[in-house]
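Colleague: When you get a sec, could you give me coordinates for this:
(one chain, ligands or ions: 1)
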Amino acid sequence: MTASPSDAFVFFGATGDLAYKQIFPALQAMIKHGHLDLPIIGVARSDWKVDQLRDRARDSLEKHGGLDADAFEKLAARLQYISGDYQDDATYEQLRRAMGDAVRPLHYLAIPPSMFEPVTQGLAKSGCARDARVIVEKPFGRNLASAQSLNRTLHQSFAEDAIFRIDHYLGKESVENLLYFRFANTFLEPVWHRDYIASVQITMAEQFGVQGRGAFYEEVGAIRDVVQNHMLQVMALLTMEIPMDGGPDAGSDAIRDEKLRVLSAMRPLVPAEVVRGQFHGYRDEAGVPPDSQVETFAALRLHIDNARWTGVPFYIRAGKQLPVTCTEVMIELKPPTHAVFDADDRGQSNYFRFRLSPDVLITVGARTKVPGESMVGTATELIAHHHPGDEMTPYERLLGDALHGDAALFTRGDTVEAAWRVVDPILGNAVPVAGYEPDTWGPPAARQIMAGDDQWHN
Ligand code: NDP
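Modeller: A predicted model of the protein is given here:
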């Protein structure tokens with residue numbers, strides 16, 4: 001496998017929802033920025049002609065980000081469509097012909113997970129997998145055993161360095177910013193340690209519910225949907241050791257090696273440190289059974305057993321129908337060891353706050369003196385705003401990276417298994433689900449998993 005760019009982009013699931021919402025906008029943006037000049041081949045079951053796929057692309061762009069006439073014209077000209085069943089060998093023979101002279105295609109599996117196996121096998125059998133790369137959508141398995149099984153299936157047809165497992169969170173500007181901030185600033189490393197950090201909280205709050213996707217949500221729940229992947233990936237980026245770049249080809253693996261080490265040092269969760277919640281009204285959603293035990297909220301306490309983090313509690317909280325829509329990381333420092341002034345007030349320690357969405361923000365919580373005679377302080381925040389520029393969407397960034405063989409922002413097979421190992425013991429009904437009122441921060445028990453008298457930062 002070389003790092004040469006791919007020379008054809010094949011996307012399975014061309015008529016599907018993800019293609020509509022994310023793939024067409026990303027393809028148009030890449031063309032607009034001059035990053036995509038190759039055949040683009042959509043494959044799906046619908047008995048369409050290519051014009052119907054072009055119409056669908058046009059419609060998608062009008063609804064998601066806007067149509068750019070020049071870029072769309074180029075996209076439409078490069079687009080081909082193959083109609084066929086993924087279980088049918090003839091589909092891959094058609095694909096082989098449509099690929100023409102391409103020798104290093106990138107195949108994107110934007111399809112239901114049950115189709116991953118037939119498609120990778122069809123690609124291998126037809127020769128379309130030779131020297132190819134493959135992007136695999138989430139979810140990557142339902143638990144540790146199914147993730148291991150999926151890895152085995154993929155490895156039958158593709159080498160690990162040709163497999164790009166998407167976690168779109170890793171393509172977000174705010175997550176890149178977190179990684180950059182952590183390793184580009186001298187003042188952070190000395191305090192990024194159990195001696196100075198009291199606790200870490202990561203919250204992914206959504207004010208909305210399941211938005212009509214009850215049947216889909218029944219298959220996942222909050223832990224599978226966002227904790228095992230997005231939130232543990234963010235936690236790994238925050239806590240990993242400094243990546244050591246071992247040469248020009250080691251770029252993708254330097255960060256992934258460190259993420260694997262820290263994920264492997266995370267203690268598998270136990271029921272006593274997990275709260276699962278379900279908002280009142282969830283069971284009335286279409287596609288949700290009246291006795292559903294699926295969680296729409298989870299709060300977890302995690303531990304990392306290594307020299308840097310032993311003894312520091314990590315709190316993760318994710319849920320729907322919460323009071324706000326916001327994803328934030330809060331790193332609370334210990335109070336000064338010797339309180340000269342008033343700085344040992346509980347809850348008034350220094351902190352770092354990373355807002356990952358909806359806006360991008362990094363703040364440092366500090367204390368300054370209130371003007372006047374006495375040495376009394378007040379909490380203040382030093383704020384680094386992020387000024388939006390010509391940002392890439394996560395899908396544009398990730399598809400571009402995959403076309404160039406850069407896997408740094410994709411999860412490696414061993415890393416995804418390490419993350420499943422952390423949540424595996426508490427999947428299913430190992431922890432009973434408790435109801436909560438919409439517009440609250442989950443069931444009352446969520447507050448009790450905080451050690452001592454710490455508080456969630458709302
Ligand atoms: P959809 O159900 O909307 O689309 C599925 C696609 O696969 C359609 O193009 C369908 O073709 C095609 N397909 C399914 N079975 C066959 C078959 N036997 N032969 C040929 N084509 C077939 O799914 P989504 O787009 O929503 O999701 C795709 C993947 O992306 C999933 O893994 C999902 O988890 C993931 N994902 C989706 C997100 C989203 O927002 N939708 C977000 C994050 C991840 P046709 O319609 O022509 O039958």
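Colleague: burial measure for the nearest residue to residue 365 once chain neighbours are set aside, as a count.
Modeller: Nearest residue to residue 365, sequence neighbours excluded (C-beta to C-beta, 6 or more residues apart in numbering): residue 351, at 4.0 Å. Bear in mind the C-beta positions are built from the backbone N, C-alpha and C, glycine included. By other C-beta atoms under 10 Å, the residues close to residue 351 number 21.
Colleague: for the one 4 residues further on, same thing?
Modeller: The burial count assigned to residue 355 is 18, neighbours taken as other C-beta under 10 Å.
Colleague: now residue 163
Modeller: The burial count for residue 163: 22, using other C-beta under 10 Å.
Colleague: pretty sure it is touching residue 411, no?
Modeller: No: using C-beta atoms under 8 Å, residue 163 is not in contact with residue 411; the gap is 9.7 Å.
Colleague: On the three-state scheme, the most centrally placed residue in the chain is what?
Modeller: What sits nearest the mean C-alpha location of the chain, by C-alpha atoms, centre = their mean, is residue 169, with 3.0 Å. Of the three states, residue 169 takes helix according to DSSP: H, G, I helix; E, B strand; the rest coil.
Colleague: Skipping adjacent residues, who's closest to it in space?
Modeller: Per C-beta to C-beta, 6+ apart, closest to residue 169 is residue 230, 4.0 Å.
Colleague: Which single residue in the stretch 201-350 of the chain comes nearest to the ligand?
Modeller: residue 216 (8.2 Å; C-beta to the nearest ligand atom).
Colleague: Which strand or helix spans that residue?
Modeller: Using DSSP states H and E, residue 216 maps to helix 214-218.
Colleague: who touches that helix?
Modeller: Applying C-beta atoms under 8 Å, 6 or more residues apart in numbering, the contact partners of helix 214-218 are 210, 225, 282, 285-289, 292, 294, 296.
Colleague: Can you tell me which of those residues are buried?
Modeller: For the contacts of helix 214-218, a burial check counting by 16 or more other C-beta atoms under 10 Å picks out 210, 225, 282, 285, 288, 292, 294, 296.
Colleague: Number of residues surrounding the closest residue to the fifth one other than its chain neighbours?
Modeller: What it means is residue 288. Ranked by C-beta to C-beta, 6+ apart and with sequence neighbours excluded, the top spatial neighbour of residue 288 is residue 214, at 4.1 Å. Neighbour count for residue 214, taken as other C-beta under 10 Å: 19.
Colleague: and stretch 362-377, C-alpha only, in PDB?
Modeller: Listed next in PDB are the C-alpha coordinates belonging to stretch 362-377 (Å, rounded to 0.1, in the frame of the first residue of the first chain):
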ATOM      1  CA  ILE A 362     -11.400  27.600  24.700                       C
ATOM      2  CA  THR A 363     -11.400  29.400  28.000                       C
ATOM      3  CA  VAL A 364      -9.100  29.400  31.100                       C
ATOM      4  CA  GLY A 365     -10.800  30.000  34.400                       C
ATOM      5  CA  ALA A 366      -8.700  32.200  36.700                       C
ATOM      6  CA  ARG A 367      -9.100  34.400  39.700                       C
ATOM      7  CA  THR A 368      -8.400  38.100  39.800                       C
ATOM      8  CA  LYS A 369      -8.600  40.700  42.600                       C
ATOM      9  CA  VAL A 370     -11.700  42.700  43.100                       C
ATOM     10  CA  PRO A 371     -10.700  46.400  43.100                       C
ATOM     11  CA  GLY A 372     -10.700  47.800  46.600                       C
ATOM     12  CA  GLU A 373      -8.900  47.600  49.900                       C
ATOM     13  CA  SER A 374      -9.300  43.900  50.700                       C
ATOM     14  CA  MET A 375      -7.600  41.000  49.000                       C
ATOM     15  CA  VAL A 376     -10.800  39.400  47.700                       C
ATOM     16  CA  GLY A 377     -11.000  37.700  44.400                       C
END
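Colleague: and residue 315, helix, strand or coil?
Modeller: On the basis of three-state DSSP, residue 315 is classed as strand.
Colleague: show me the contacts for it.
Modeller: 199-202, 299-302, 449-450, 456.
Colleague: try residue 181
Modeller: 188, 354, 362.
Colleague: how deep is residue 337 tucked in, by neighbour count?
Modeller: So residue 337, with other C-beta under 10 Å, has 7 neighbours.
Colleague: Regarding it, what are the backbone dihedral angles?
Modeller: phi -70, psi -30 (degrees, to the nearest 10).
Colleague: would you turn the buried ones among the contacts of helix 214-218 into TSV with pLDDT?
Modeller: Converted to TSV, those look like this (pLDDT from 0 to 100):
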residue	pLDDT
210	95
225	96
282	98
285	96
288	97
292	98
294	98
296	98
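Colleague: could these go into TSV alongside secondary structure and distance to the ligand?
Modeller: Output for those, formatted as TSV (DSSP: H, G, I helix; E, B strand; the rest coil; distance: C-beta to the nearest ligand atom, whole Å):
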residue	secondary structure	distance to the ligand
210	coil	13
225	helix	10
282	helix	20
285	coil	17
288	coil	18
292	coil	20
294	coil	16
296	coil	17
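Colleague: ok, back up a step: and the ligand, which of the contacts of residue 315 reach it?
Modeller: Among these, no residue lies close to the ligand (C-beta under 6 Å from any ligand atom).
Colleague: How far does stretch 278-293 stretch from one end to the other?
Modeller: Start-to-end span of stretch 278-293 (C-alpha to C-alpha, to the nearest Å) is 8 Å.
Colleague: Count the neighbours of the residue of the stretch 301-450 of the chain found nearest the ligand for me.
Modeller: In the stretch 301-450 of the chain, the residue that lies nearest the ligand is residue 395 (9.9 Å; C-beta to the nearest ligand atom). Close neighbours of residue 395, defined as other C-beta under 10 Å, add up to 21.
Colleague: gap between the residue of the chain positioned farthest from its centre and residue 380?
Modeller: The outermost residue of the chain relative to its centre, with distances by C-alpha atoms, centre = their mean, is residue 373 at 50.2 Å. As judged by C-beta to C-beta, to the nearest Å, residue 373 and residue 380 stand 20 Å apart.
Colleague: Using CSV, lay out the contacts of residue 181 together with secondary structure and distance to residue 151.
Modeller: Shown next, in CSV, are the contacts of residue 181 (DSSP: H, G, I helix; E, B strand; the rest coil; distance: C-beta to C-beta, whole Å):
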residue, secondary structure, distance to residue 151
188, coil, 34
354, strand, 31
362, strand, 35
